[in-house]
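# 3D model of this:
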Amino acid sequence: MKVCFFRHSLLSRGGDKMVVEYANYLASRGHDVTIMTNVVDTLFSVVAKVVSASRSRKGKLGSIVKALFLKSTADVIIADIIAMVFLLSFRNRNKLLYFAQDYDEAYYKNALAKLIIRTAYLHCLRILRIPVIAVSEELGQLLRKRFNADVRVVPNGIDTNVFRVDIDEEYLFLKGSSKVILVFARSDYRKGFDIAISILKGYKKEIEDGIISIWAVGENIGAPFTIRNFGFVPPEKLRKILSCSNALLYPSRHEGLPLFVLEAMACGCPVVTSGTVSFIIDGENGMIAETVSEFGEKLIDVLTNDRKREHIIHEGFATIKGYDLHNSKRSFENILKETFKS
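Sure, this is the predicted structure:
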């Protein structure tokens, strides 16, 4: 099977990771796999072929124009942004698969932008009946309910050979005697980094006194207190950072199925997050909060209540058994072969 993953950029985010994992797996299975993209700046090892979406225009406009006029020879074209699916549908309607990693309308605050994205969903999923692979049952149900979409669910998964408890002396030295709260620094409104800053302001004195340390992975975004930002890091380094952190603060506004949370659980790092992370059960395998003050209370509980912390870690290990990357890869390939039979 000839498979093309079409996207504007290939970076080091969770969504990029899943595209790379599936593309690499399909290539290892003998499929002819291409990732067509305009921007390549990723830490992930890419085995599949990567080709430029546009030689003349490298920005988003180049990706838009390419998607609109591309007539692909691939058997299936996979796009994970509904706007790209819409543009690709003009010349590739019967070859398209929408890989839904989140609900794209949630990316925007502007009412007009939301309406445009909702219209793209209606056109692609309800009218054209483009098939969908969704990363969670909750996301799949949303797309079925709103657009009567043809959805199969393949949950995101992690490799527990890569993500496991790995206490590293280097990071223990950096940590010292402080409790470490790890945050995911992303300017994307959905990820709620601004909420994390509001929560952590309540610990400014403890941060200044060295009782609490704030670590971050992701973008270099300023804060009104000291943050040690490691940037985007490869999986082996991320595993060590997670293993040496006392809690992951993840106040996301919207999620499909967040890999970062699963990776934290696999490394024994308790997660304090919002109700958008569907597989977290409050007080069992993580902590759920909705307000700034509630987040603060739940963080303190995780950092100081050893019995609860150990319970959450134990239940987290049990949870990740249901999110095996190898199973996800096999399911993804099977759905492609069933949906796009030659």
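
# can we go C-alpha only for contacts and neighbour counts from here?
Fine.

# now the strands for the stretch 51-200 of the chain?
Under the criterion DSSP state E, counting those that start in this stretch, strands of the stretch 51-200 of the chain are mapped to 76-79, 96-100, 132-134, 151-153, 179-185.

# Now those strands in CSV, please, with extra columns for distance to Ser243 and mean pLDDT.
As requested, the strands of the stretch 51-200 of the chain are arranged in CSV below (distance: least, CA to CA, whole Å; pLDDT from 0 to 100):
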stretch, distance to Ser243, mean pLDDT
strand 76-79, 33, 98
strand 96-100, 30, 98
strand 132-134, 29, 98
strand 151-153, 30, 98
strand 179-185, 11, 97
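
# of those strands, which approaches Phe340 most closely?
Closest of the strands of the stretch 51-200 of the chain to Phe340 is strand 76-79, at 7.0 Å (criterion: CA to CA).

# What pairs with the closest one, parallel or antiparallel?
strand 2-6 (parallel), strand 96-100 (parallel) (DSSP bridges).

# which of those sits most buried?
strand 96-100 (a mean of 24; mean count of other CA atoms under 10 Å).

# From Phe173, how far off is the residue of the chain positioned farthest from its centre?
Using CA atoms, centre = their mean, the residue of the chain lying farthest from its centre is Asp209. It sits 33.6 Å away. The gap separating Asp209 from Phe173 is 17 Å, by CA to CA, to the nearest Å.

# tell me what the helix or strand bottoming out on mean pLDDT in the chain is packed against?
Among the helices and strands of the chain, helix 60-69 carries the lowest confidence by mean pLDDT, DSSP states H and E, at a mean of 89. Packed against helix 60-69 by the contact rule (3 or more CA pairs under 8 Å, 6 or more residues apart in numbering; DSSP states H and E) you find helix 82-92.

# Show me which residues of the helix it packs on are buried.
82-89, 92 (16 or more other CA atoms under 10 Å).

# now do stretch 99-113
Within stretch 99-113, the residues scored as buried using 16+ other CA under 10 Å are 99-105, 107.

# For this protein, give me the ranges with low pLDDT.
Scanning the chain with the threshold set as pLDDT under 70 gives 54-58, 342.

# try 50 this time
Within the chain, not a single segment meets pLDDT under 50.

# all helices for it, in order.
14-28, 60-69, 82-92, 111-121, 137-147, 169-175, 193-200, 204-208, 235-243, 259-266, 292-304, 306-320, 325-339 (DSSP state H).

# In the least confident helix or strand of the chain, which of the residues would be classed as buried?
Here helix 60-69 shows 62-64, 66-68 as buried, counting by 16+ other CA under 10 Å.

# can you redo the strands of the stretch 51-200 of the chain as CSV with distance to Val39?
Formatted as CSV, those follow (distance: least, CA to CA, whole Å):
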stretch, distance to Val39
strand 76-79, 15
strand 96-100, 19
strand 132-134, 24
strand 151-153, 28
strand 179-185, 21
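
# What is the nearest of the buried residues of helix 82-92 to Ile167?
Nearest to Ile167 among those: Ile82, at 40.3 Å, using CA to CA.

# returning to that earlier point: can I get the buried residues of stretch 99-113 in TSV with distance to Pro251?
Shown next, in TSV, are the buried residues of stretch 99-113 (distance: CA to CA, whole Å):
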residue	distance to Pro251
Phe99	24
Ala100	21
Gln101	18
Asp102	16
Tyr103	17
Asp104	18
Glu105	19
Tyr107	15
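
# Kind regards, and thank you for your time.
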